[in-house]
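Engineer: Give me a 3D structure for the following:
(one chain, ligands or ions: 1)
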Amino acid sequence: MINFDVEPEFQEQIDWVEKFAKEEIEPLDNFFRIGKTKDGEPLTKEGWNAIRRHIEHLKQRVKDQGLWGFHLGPELGGPGLGQVKLCLLNEKLGRTRMGPTLFGCQAPDTGNMELIAHNGTEDQKKNYMQPLLEGTKRSAYSMTEPHAGEPGEFICSAQRDGDQWVISGEKWFTSNGANADFLIVMAITNPDAPLMERASMFLVDRDTPGVEIVRNVHTIGTSLQENYNTSGGGGHAYIRYNDVRIPRENLLGEEGAGFVGSQTRLSGGRVHHAMRAVGTCTKALDMMCERALSRKSKGQLLSELQMVQQDIADSYVELTQFRLHVLYTAWLIDKTQAYSREIRKHIASIKITAAKLNHDIVYRAIHLHGALGMSNETPLADMWMAAPQMGIQDGATEAHKSNLTKLLLRDYDASPDLFPTYHLPKLIEAAQDKIESIISA
Ligand SMILES: Cc1cc2nc3c(=O)[nH]c(=O)nc-3n(C[C@H](O)[C@H](O)[C@H](O)COP(=O)(O)OP(=O)(O)OC[C@H]3O[C@@H](n4cnc5c(N)ncnc54)[C@H](O)[C@@H]3O)c2cc1C
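Structural biologist: The predicted structure is shown next:
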């Protein structure tokens, strides 16, 4: 039997996260929007140190609550909640910006931890995964290239030279690349192999000679000046690997298994993005509802206008369907512990919907807020800047639609005849034959 209830003990955890997000994380988010005290002064060094200590204190509270790294199984020091419970918590964190960092489940470290857990040697787990788990190192995932996001087009290569691998080429949009202690780099190791056996993954310390941060690219809405601060500060690094020499044992997983490994990483990441998108869209809908009940036009509340009602109703219906689809996908993953073809259909579907709803609902919320919506004085401004990202990062929506359709069509065959199998004249003739045989029996 399908059960939509949550055990009371876990409901308490969800409620704790919701309260913690509202009382502790959202104030931090809001402070960092401006980074100055009330008197307009930038924070002093001591001020920043106090904030750092406060953040560590909040992380400790998350640990005390047993929720640090809640995406991880017990073998990796996490609570092993499974994907459905992960959804219910991620929905709450999706309303915040700093939530994932405070809970030790920030991208791209989460996916990288899982990659090393699944593919790494004992030494790699000790030296690279363990510090990520403890939050003492940061990582990045370096796959997309400046000239192509599609794996079949990649050219950054790695060649064996004695006991070393030599990586040469360029990568771009490596999130957190300039800040990371190490990078997981996808490089072509056998260009003549079939596509899925062409590339391998490597663990590269960022301070290895030859790793050059060309620029630290930022997304829409950020000053271009930021791109030339290559010593950290977030962003998505444009990186040149100039004959970077790494030890042979820094190959992550089997040689030639890079693209297969990346599918595991990206599949999990896409579900987590979708979970947080539920939170973002719910927050936008909450804002729409409050505004519609607060604002008047021609003597009427906006909530009494039918087109406003339509926008709110459409948003609620679409969001509820999306949320259930995300939970169902999570439930399937928990049940089978795999990313089977069936599950990949659902992951592609929720990735497509996450992008669409992040756009549609946030747009409607902005529109309903009029000039206030267009201002930079509500959280909608950030949400709007981020909305198109969901349709690009972890693969463009069109690529997911194309893959989804290919997966769906594998369950169908072309009609064996000139007319389709559901052509009524043929079906009626067959029905007549059947009925006549019943009558004559
Ligand atoms: C915020 C953000 C963070 C990112 N972080 C990382 C990271 O940490 N590491 C990393 O390696 N990469 C990262 N990326 C890069 C991301 O994975 C790529 O942007 C994505 O895979 C698309 O590749 P592209 O940018 O080269 O677009 P392209 O492949 O050039 O696609 C551009 C457009 O072409 C069309 N198109 C492309 N393919 C198809 C198709 N198969 N069918 C139909 N139309 C198609 C679509 O309209 C698509 O939007 C990040 C991107 C963003 C926006």
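
Engineer: rest of the way, CA atoms for contacts and neighbours
Structural biologist: Will do.

Engineer: which stretches of the protein have low pLDDT?
Structural biologist: Along the chain, the parts satisfying pLDDT under 70 run over 1, 232.

Engineer: The residue most central in space within it and Asn242, how far apart?
Structural biologist: What sits nearest the mean C-alpha location of the chain, by Cα atoms, centre = their mean, is His273, with 3.1 Å. Going from His273 to Asn242 by Cα to Cα, to the nearest Å gives 33 Å.

Engineer: picking up where we left off before, can I take it that the residue nearest to the centre of the chain is in a helix?
Structural biologist: Yes - checked against DSSP: H, G, I helix; E, B strand; the rest coil, His273 lies within a helix.

Engineer: list the contacts for it?
Structural biologist: Listed by Cα atoms under 8 Å, 6 or more residues apart in numbering, the contact partners of His273 are 351, 354.

Engineer: and if we set it to 6 Å?
Structural biologist: By Cα atoms under 6 Å, 6 or more residues apart in numbering, the contact set of His273 is empty.

Engineer: got it, and the one 3 residues further on?
Structural biologist: Applying Cα under 6 Å, 6+ apart, we find Arg276 in contact with 90-91, 94.

Engineer: What parts of the stretch 301-441 of the chain come near the ligand?
Structural biologist: Proximity of the stretch 301-441 of the chain to the ligand (Cα under 6 Å from any ligand atom) is limited to residues 389, 392-396, 398-399.

Engineer: run the last query once more with 8 Å
Structural biologist: The stretch 301-441 of the chain has residues 386, 388-403 near the ligand, with proximity defined as Cα under 8 Å from any ligand atom.

Engineer: PyMOL command for the buried members of those?
Structural biologist: In PyMOL syntax, the buried subset of those is picked out as below (16 or more other Cα atoms under 10 Å):
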select buried, resi 386+389+390+391+394+395+396+397+400+401
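
Engineer: Go through the contacts of Arg276 and flag which are in strands.
Structural biologist: Here DSSP state E is the test, and the contacts of Arg276 give no hits in strands at all.

Engineer: Narrow these to those that are buried.
Structural biologist: For these, a burial check counting by 16+ other Cα under 10 Å picks out 90-91, 94.

Engineer: Nearest to Asp64 among the residues you listed?
Structural biologist: Minimum distance to Asp64 across the buried ones among the contacts of Arg276 is 18.4 Å, recorded for Asn90 (Cα to Cα).

Engineer: Tell me how far the closest one lies from the ligand.
Structural biologist: For Asn90, the distance to the ligand equals 19 Å [Cα to the nearest ligand atom, to the nearest Å].

Engineer: residues contacting that residue?
Structural biologist: Applying Cα under 6 Å, 6+ apart, one finds that Asn90 lies in contact with 275-276.

Engineer: quick one: it from His272, how far?
Structural biologist: 7 Å.

Engineer: What of Met385?
Structural biologist: Distance, Met385 to His272, using Cα to Cα: 20 Å.

Engineer: Give me the more crowded residue out of these two.
Structural biologist: For Met385 and His272, the more surrounded residue by other Cα atoms under 10 Å is His272, and the numbers stand at 25 against 14.
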